[in-house]
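**Q** let's see this in three dimensions:
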Amino acid sequence: MKYQQLARQILLGVGGRENIQSVVHCATRLRFRLKTSHKADTDQLKQNPGIITIVESGGQYQVVIGNHVGEVYQALLSEGGLSDTERGDDNESAEKLTLFARFIDIVSGIFTPFIGVMAASGILKGLLALALALGVMEEQSGSYKILFVASDALFYFLPIVLGYCAGKKFGGNPFVCMTIGAALVHPIMLEAFTNEQAGQAPMHFFGVPVILINYASSVIPIILAAWVSCLIERLLNLRLPGAIRNFTTPLVCLMVVVPLNFLLIGPIATWLSHLLANGYLWAYALSPLVAGLFVGGFWQVFVIFGLHWGLVPLIINNISIYGQDSMLPLLLAAVMGQTGATLGVLLRTRDNKLKGIAASAFSACWFGITEPAVYGVTLPGRRPFIFGCIGGALGAAIIGFYQARVYSFGFANIFTLFQTMPATGIDVTVIAAGIGSLLALVIGAVATYFFGLPTEKATPRAANTDPSGPSSASPSLLKTLTLDSPMSGRVIPLEDVPDQTFASGLLGKGVGIIPTDGRVVSPVNGTIASLFRTGHAIGLLDENGVELLIHVGLDTVKLDGKHFTIHVSQDQPVSRGELLIEFDMTAISQAGYDLTTPIIVSNSDDYLDILPATVQTEVKENMPLLTLFI
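**A** Residues are numbered from 1 along each chain as shown. This next block holds a predicted model:
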């Protein structure tokens, strides 16, 4: 039920079913293509406790969920009456993507559906390599062969899987594209390739010689072929009558695209694949150490913006062409850097909420899933994220200097170390990969522990009733600011607010007020930093730099402005006591909404602590409400 509820909230937040062009998911994110992104309520979604953050990149509206994204995705399909089929270039889409954004969107849309099994296959390959190195298994044993087939099947038959996913992404029949991919790795074609390599006569198609290539594990040929097939399919479906369309269109696609793939598309795509792989090797060979510094330092930045998908095909292509890849080991250091930074936060912080998030994210990092750590732990603190990137850069520099390789694909995680083992066993490159990863982990953890978080001084006692400071002994050590109440009502602790987003303190520290009067006045001298058109919430920036959020009622955004009257405008200067919003308490209550109003200091991390300024439970407008310790 909790996934269904979260799915409903996400569906509402992205602008409803009618605003969704397509949606897929990866290891941690729901990736939406929206018809118009401005209809999405990003601020409201970010406040949801089930959502880590929102990222807009590459033409995608990405809702970061974490490890339960699969369950939320299925609930979303059910709640919205959506299908898991991409609808391609929907003509209703009002927003055009740049060429690069479209490339990222296509790549992520094709690869994300099977990201989990791809990661699992890579891990299994690494474990088998370790088993051989330790002598636990023999390469000729039946047990090894069966497990090897399990780890290798996806990559060997990758054109089939990519054909299906590309067909969905390009808006065509995925089974036609899957069949085209199967033709590339059909035993007859592989046998013809082997025979030609042995010196036999080449194969011909109506007198035209066929350039035979081993397409097992290939990436680019089937993606291009699927695009051509979907293009032909759309053209035919516009002209053929419905009575014969279901079998005639697939027939024409197979008869045209399969031969075209072997005669033209495949050879050209293979040439491009080799060109891409050679270009990467040339750049890497200029300075493997510099390549390590760059990739290890910036990989997590690429992940934040979804740009890493542009490199995934390159890694797979390198392994397909050369049987090895030098980029993936560098990414392991980047992952370990953020793992170390998360560990540093976990060991250092006294904030129980942050400690719980860090513990969960730390365990996920070992398996290469860094988004919960980045968005929930290191990036909000800035310095931990930077230290993690520095650790990743230095660790990857060592790995690059010794030119470590992987010999099978998998997403970077602790098991990637096993994938760096060559057939000859453990050598200096494997040791360098281990040392570089460990160095990234240690630098990220140690730097974050000692320098990544503000020094947590002794917390002032909440029992103090003097609004000007904690006690007569402390004013010389601590400076304070006092914020007044923006409304009259009964004060309750923030953790008692019946909304987990606010009660958890995720949005900042503060209190809740159950109002007795339908007015919100400015508690500070400052400016209107954010003004919701619905009038249910307002953000203020006071002259001392305090960022204050006043959220009238819970879930009142759903009223869409009814019963609220706004008296100010965006960026308007305001004075203490100036009327900001009026609201009809009776009408809102009768509509079924809780009037409890969280008063939140959004930049709470800039202060040592934030406590109630008085022990009184009843306050009036402009009475002291919160004390901020600097």
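**Q** please enumerate the helices of the stretch 1-150 of the chain.
**A** Applying DSSP state H, counting those that start in this stretch to the stretch 1-150 of the chain gives helices spanning 2-13, 42-46, 69-80, 99-111, 115-133, 142-156.
**Q** among the ones you listed, show the one with the smallest mean pLDDT.
**A** For those, the weakest mean pLDDT is recorded on helix 99-111, namely a mean of 73.
**Q** ranking helices and strands of this protein by mean pLDDT, which lands last?
**A** Each helix and strand of the chain was given a mean pLDDT (mean pLDDT, DSSP states H and E); the minimum falls on helix 99-111 at a mean of 73.
**Q** before we move on, the earlier item: dump the helices of the stretch 1-150 of the chain to a markdown table, plus mean neighbour count and distance to residue 519.
**A** Using the backbone N, CA and C atoms, a C-beta is placed for each residue, glycine as well. Formatted as a markdown table, the helices of the stretch 1-150 of the chain follow (neighbours: other CB atoms under 10 Å; distance: least, CB to CB, whole Å):
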| stretch | mean neighbour count | distance to residue 519 |
| --- | --- | --- |
| helix 2-13 | 18 | 29 |
| helix 42-46 | 18 | 23 |
| helix 69-80 | 18 | 37 |
| helix 99-111 | 19 | 45 |
| helix 115-133 | 19 | 51 |
| helix 142-156 | 14 | 62 |
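**Q** tell me which of those helices sits nearest to residue 428.
**A** Nearest to residue 428 among the helices of the stretch 1-150 of the chain is helix 115-133 (14.5 Å), distances taken as CB to CB.
**Q** so that closest one versus helix 142-156, what angle?
**A** Going by axes from the mean of the first three to the mean of the last three CA atoms, to 10 degrees, helix 115-133 is angled at 140 degrees with respect to helix 142-156.
**Q** how far away from the center of its chain is helix 115-133?
**A** From the chain centre to the centre of helix 115-133 is a distance of 23 Å (CA atoms, centre = their mean, to the nearest Å).
**Q** for residue 481, list each beta-bridge partner.
**A** residue 628 (DSSP bridges).
**Q** surely it touches residue 543?
**A** No: here residue 481 lies out of contact with residue 543, judged by CB atoms under 8 Å, at a distance of 10.4 Å.
**Q** the more surrounded of the two?
**A** Between residue 481 and residue 543, counted using other CB atoms under 10 Å, the more crowded position is residue 481 (18 against 10).
**Q** need the contact list for that one.
**A** Residue 481 makes contacts with 544, 546, 627-628, 630, as judged by CB atoms under 8 Å, 6 or more residues apart in numbering.
**Q** now do it, the pLDDT please.
**A** Reported pLDDT for residue 481: 86.
**Q** begin at 358 from now on, thanks
**A** With 358 as the first residue, the last one maps to residue 838.
**Q** related to what we said a few turns ago, the helices of the stretch 358-507 of the chain: which one's closest to residue 679?
**A** helix 499-513 (14.2 Å).
**Q** returning to that earlier point: biggest separation within the contacts of residue 838, which pair?
**A** Using CB to CB, the pair of those lying farthest apart is 901 and 984, separated by 13.0 Å.
**Q** output the below-cut-off pLDDT ranges for the stretch 658-807 of the chain.
**A** The stretch 658-807 of the chain contains residues with pLDDT under 70 at 662-664, 666.
**Q** what segments of the stretch 658-807 of the chain are helices?
**A** According to DSSP H, counting those that start in this stretch, the helices that the stretch 658-807 of the chain contains are 669-679, 684-705, 709-722, 728-730, 736-738, 740-758, 773-776, 785-804.
**Q** just send these back as CSV, with distance to residue 562 and mean neighbour count too.
**A** Shown next, in CSV, are the helices of the stretch 658-807 of the chain (distance: least, CB to CB, whole Å; neighbours: other CB atoms under 10 Å):
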stretch, distance to residue 562, mean neighbour count
helix 669-679, 24, 20
helix 684-705, 37, 30
helix 709-722, 50, 19
helix 728-730, 47, 28
helix 736-738, 54, 18
helix 740-758, 45, 27
helix 773-776, 39, 25
helix 785-804, 44, 22
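**Q** closest to residue 943 out of the ones you listed?
**A** Minimum separation from residue 943 across the helices of the stretch 658-807 of the chain (CB to CB) falls at helix 709-722, 35.6 Å.
**Q** check the offset of the closest one from the chain's centre.
**A** 17 Å.
**Q** what's it packed up against?
**A** On a contact count with 3 or more CB pairs under 8 Å, 6 or more residues apart in numbering; DSSP states H and E, helix 709-722 meets helix 684-705, helix 728-730.
**Q** quick one on the thing from earlier: who has more neighbours out of residue 901 and residue 984?
**A** Set side by side, residue 901 and residue 984 show more neighbours around residue 984, with 24 against 12, by other CB under 10 Å.
**Q** so who does the more buried one touch?
**A** The neighbours of residue 984, taking CB under 8 Å, 6+ apart as the test, are 824, 826, 837-840, 967-970.
**Q** cool, thanks, talk later.
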